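Enquirer: I would like the atomic coordinates for the input below:
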Amino acid sequence: MHHKSILPIAENLLGVMAQGLSQKPRVAANCAWFIHNFAASFESEENNPLNKYYLQVVQALLTAADRPEASQFQLRSAAYESLNVVLATCPPGYAPFIFGSSFFLFSVHFLQCYEVP
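Expert: Numbering: from 1, shown residues only. Sure thing, here's the model as predicted:
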């Protein structure tokens with residue numbers, strides 16, 4: 001199926017999948033993979049439906065990756081893989097946000113991994 005065929009329902013799909021990231025780890029991991037594939041499909045599109053919800057999707061993926069049970073069903077991995085693609089398809093004007101969120105992610109996880117006081 002061509003990715004443009006879902007344009008009429010794209011916003012609804014994104015909303016449902018973003019909400020799904022807070023469900024059980026198995027469901028949330030599948031939602032993360034959907035967002036990954038959705039973002040990759042519209043990567044070179046000028047009117048990427050993801051642009052309208054960009055910040056909300058990034059926040060939902062970060063929250064999903066940071067859940068205590070995120071190691072189940074590869075949720076953490078799926079969320080970070082999806083986040084990678086979403087950040088790579090950044091809409092114009094969001095570069096400062098991407099830099100800030102990337103720095104934040106690195107800082108938080110570095111401190112957690114190495115227990116730096």
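
Enquirer: so, low pLDDT: which residues of this protein?
Expert: 1-2, 95, 97-117 (pLDDT under 70).

Enquirer: am I right that residue 17 is in contact with residue 33?
Expert: No - Residue 17 lies out of contact with residue 33 (C-beta atoms under 8 Å); the separation is 9.4 Å. Using the backbone N, CA and C atoms, a C-beta is placed for each residue, glycine as well.

Enquirer: so for those two, which residue has more residues nearby?
Expert: In this comparison of residue 17 against residue 33, neighbours counted by other C-beta atoms under 10 Å, the higher total goes to residue 17 at 20 against 17.

Enquirer: in what helix or strand does that one lie?
Expert: Using DSSP states H and E, the secondary-structure element containing residue 17 is helix 10-20.

Enquirer: I'd like to know how far the closest residue to residue 65 other than its chain neighbours sits from residue 60.
Expert: In this structure, residue 65 finds its nearest non-sequential neighbour in residue 79, 3.8 Å apart by C-beta to C-beta, 6 or more residues apart in numbering. Distance of residue 79 to residue 60, computed by C-beta to C-beta, to the nearest Å: 9 Å.

Enquirer: what's the overlap in contacts for those two?
Expert: With contacts defined as C-beta atoms under 8 Å, 6 or more residues apart in numbering, the residues shared by residue 79 and residue 60 are residue 21.

Enquirer: re the thing from before, quick one: contacts for the residue nearest to residue 65?
Expert: Taking C-beta under 8 Å, 6+ apart, we find residue 79 in contact with 21, 28, 29, 32, 61, 62, 64, 65, 70.

Enquirer: give me the number of residues near the fourth one?
Expert: Close neighbours of residue 32, defined as other C-beta under 10 Å, add up to 28.

Enquirer: residue 23 is in contact with that one, correct?
Expert: No - the criterion here is C-beta under 8 Å, and residue 32 misses it with residue 23 at 10.9 Å.
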